[in-house]
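Enquirer: predicted model and sequence follow; I will ask about them next.
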Amino acid sequence: MNNMNIEESDKFDGDIKYLSNALVQGFNDCRNFKDRALQTALTDKKLADFIDEIRVELQKWYEDVLKYIIDNLNRNYHQYHFSAQKKFSTTYSGMNEKVSDLITIWEDYLRNLEDIIFRLEDERNLQIRREIAEIENQADIAYEVKYNDHKREISINRFIIAKPDFESENDRFFNYIFLNPNRTISITEIEAKGNGGEKFKKRVSDIVRDLGFKGNLRKVFLPVVTQTKIMLINPISKKYIIDNELPPLNLEYKGDKASSKEVKRGKETKG
């Protein structure tokens, strides 16, 4: 699981927590005004002051929540859904009509906010399932080719198998197949898109050998190597090894050093 996924889960949690707290606050404030309106006989100046108090508190709560949604939630849907008002027709009995309208509007916003929280919870749960699937997928990987283009190093499970020269035939050839794994690629495609339209001077088998793919490494990662086409399988899952009856690579580590029957760590590859 990469850091981006972890950050996405954390962000969902943070958004849900903030909006849930805002929902509770809004619900409590709205209920308080509703109870006061039903229990207290308000007339004239007191009623006008009470209406202004509700309007000010509702506006402040609404603007705080809307600002958070705009600043932190990527989808315009959330902003639109929170702001949408239903056409209310009911009036609370025993309550001033203007007060009832404000309370009803507030309750609409509360329902809208609750819908957004439910949606965010669904999205968070989906993200968590994706993270679990990614962890399981990573756990299933047995071998993986990686390319450090800064150090010019091709490695398999930390074994450096080749160090092609920058912009050499070997370098351009490998870079193209590395970026296009798990499909058969014609050599003419690599020449056209990865080698500036020029034909390779060396034979494909020689390039593959120079890149360190020999013996079982070639059998495992390069099931197709001809003068006209090639295929790089990367990464290699444990299931893929079993299904295709692939030979083991016999990679062994000894501290910071590694030994293998297939590769010699740090070997320079010219060309």
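Expert: The structure has been received and is ready for your questions.
Enquirer: for the protein, what spans make up the strands?
Expert: Ranges of strands in the chain, per DSSP state E, are 141-143, 145-148, 153-156, 159-162, 185-186, 224-225, 229-231, 236-237, 251-254, 257-260.
Enquirer: so who does residue 100 touch?
Expert: When contacts are counted by CB atoms under 8 Å, 6 or more residues apart in numbering, residue 100 touches 37, 91-92. To be clear about C-beta, it is placed using only N, CA and C from the backbone, and glycine gets the same treatment.
Enquirer: would you check how far apart it and residue 112 are?
Expert: Residue 100 sits 19 Å away from residue 112, taking CB to CB, to the nearest Å as the criterion.
Enquirer: check residue 228 too.
Expert: Spatial separation of residue 228 from residue 112 under the definition CB to CB is 61 Å.
Enquirer: more crowded one of those two?
Expert: In this view residue 228 and residue 112 are compared by other CB atoms under 10 Å, and residue 112 has more residues nearby, 19 against 9.
Enquirer: so where is this protein shaky, pLDDT-wise?
Expert: When residues are selected by pLDDT under 70, those of the chain lie in 1-7, 9, 40-44, 87-90, 133-139, 251-271.
Enquirer: give me that answer again for 80
Expert: Counting by pLDDT under 80, the ranges of the chain that qualify are 1-10, 39-45, 74-75, 85-94, 130-139, 250-271.
Enquirer: for it, what spans make up the helices?
Expert: For the chain, applying DSSP state H gives helices covering 3-39, 44-72, 76-83, 97-139, 169-179, 187-194, 204-210, 215-221, 238-243.
Enquirer: can you say which of the ones you listed is nearest to residue 153?
Expert: Among the helices of the chain, the nearest to residue 153 by CB to CB is helix 169-179 (11.1 Å).
Enquirer: report all helices and strands that the closest one contacts.
Expert: Here helix 169-179 is seen to pack against strand 145-148, helix 187-194, helix 204-210 when contacts are counted using 3 or more CB pairs under 8 Å, 6 or more residues apart in numbering; DSSP states H and E.
Enquirer: now those as CSV including mean neighbour count?
Expert: What follows is the helices and strands packed on helix 169-179, written out as CSV (neighbours: other CB atoms under 10 Å):
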stretch, mean neighbour count
strand 145-148, 17
helix 187-194, 16
helix 204-210, 19
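Enquirer: can you redo the ones you listed as CSV with distance to residue 171?
Expert: Conversion of these to CSV gives the following (distance: least, CB to CB, whole Å):
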stretch, distance to residue 171
strand 145-148, 10
helix 187-194, 10
helix 204-210, 10
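Enquirer: show me the one of these that comes nearest residue 119.
Expert: Distances from residue 119 to each of these were compared using CB to CB; the shortest belongs to strand 145-148, at 37.9 Å.
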